[in-house]
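Student: I would like the atomic coordinates for the input below:
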Amino acid sequence: QSNSCRIPVRDREPAGALLEAHLALLAGLASTHCVKQSIAALHGDIQARDPALAQVAWPRVLEISRSRLARGEFASSLEGFSAAVAAPSLPDDERCEAHCGLATAHEALGDSKAAALDLLHASRQGPAKRRVDALLNRAALLEQGGALSDAGQSLEAALALAPRHPEATAALKRVLGELG
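Tutor: Alright, predicted model coming up:
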């Protein structure tokens, strides 16, 4: 048997201590029911202690934020999603999802202006399908609020990403008809 996959004796102790430190930091993220714990504060503590671990923790922060959003804990979910979008190294697909989560929470709290802005930010990164969805949702929100010109711009942007999208095409025809 080869020893190439084994940790050398001299490295076992530091590796074990590092693992214990990481597990202790992640323990705060272990429960989605820890409502009193601030997601942003917890992640800030992890970031201050170990930036590499903070990168690994972002998916869990987003999971907790989505869970809180699903339970109707909008203020708490806003905090987690806001912390995520503020992270400079968050991957584009996760940043897109975080902005979409912010939009959903803002809309639930009655702030359609903030929701529309969140959806605009979501449309700037991530998978094309998700970006198109964000633009369609933004257009619908803007159209409901009477901002037809802005809704039309979102629909045009959606069609630039997905030129034959039937929902975007129909919505743009409707908005242009209302604009006269």
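
Student: show me the contacts for the most centrally placed residue in the chain.
Tutor: Centroid check for the chain by CA atoms, centre = their mean gives Ala98 as the closest residue, at 1.1 Å. Neighbouring residues of Ala98 by CB atoms under 8 Å, 6 or more residues apart in numbering: Leu62, Ser65, Phe81, Ala84, Val85, Leu90. Glycine gets a C-beta too; all of them are placed from N, C-alpha and C.

Student: Could you rerun that using 7 Å?
Tutor: Leu62, Phe81, Ala84, Val85 (CB atoms under 7 Å, 6 or more residues apart in numbering).

Student: tell me the pLDDT at it?
Tutor: According to the prediction, Ala98 has pLDDT 96.

Student: Can you tell me how far the nearest residue to it once chain neighbours are set aside is from Ala108?
Tutor: In this structure, Ala98 finds its nearest non-sequential neighbour in Ala84, 4.0 Å apart by CB to CB, 6 or more residues apart in numbering. Distance, Ala84 to Ala108, using CB to CB, to the nearest Å: 18 Å.

Student: cool, Gln125 as well?
Tutor: Applying CB to CB to Gln125 and Ala108 gives a distance of 23 Å.

Student: Check Leu102 too.
Tutor: Counting by CB to CB, the gap from Leu102 to Ala108 is 11 Å.

Student: if we can go back for a sec, wait, isn't the residue nearest to Ala98 in contact with Arg60?
Tutor: No: the criterion here is CB atoms under 7 Å, and Ala84 misses it with Arg60 at 10.6 Å.

Student: More neighbours: which of these two?
Tutor: Ala84 (24 against 18; other CB atoms under 10 Å).

Student: can you pull the contacts of the more buried one?
Tutor: Ala84 neighbours (CB under 7 Å, 6+ apart): Trp58, Val61, Leu62, Leu90, Glu94, Ala98.
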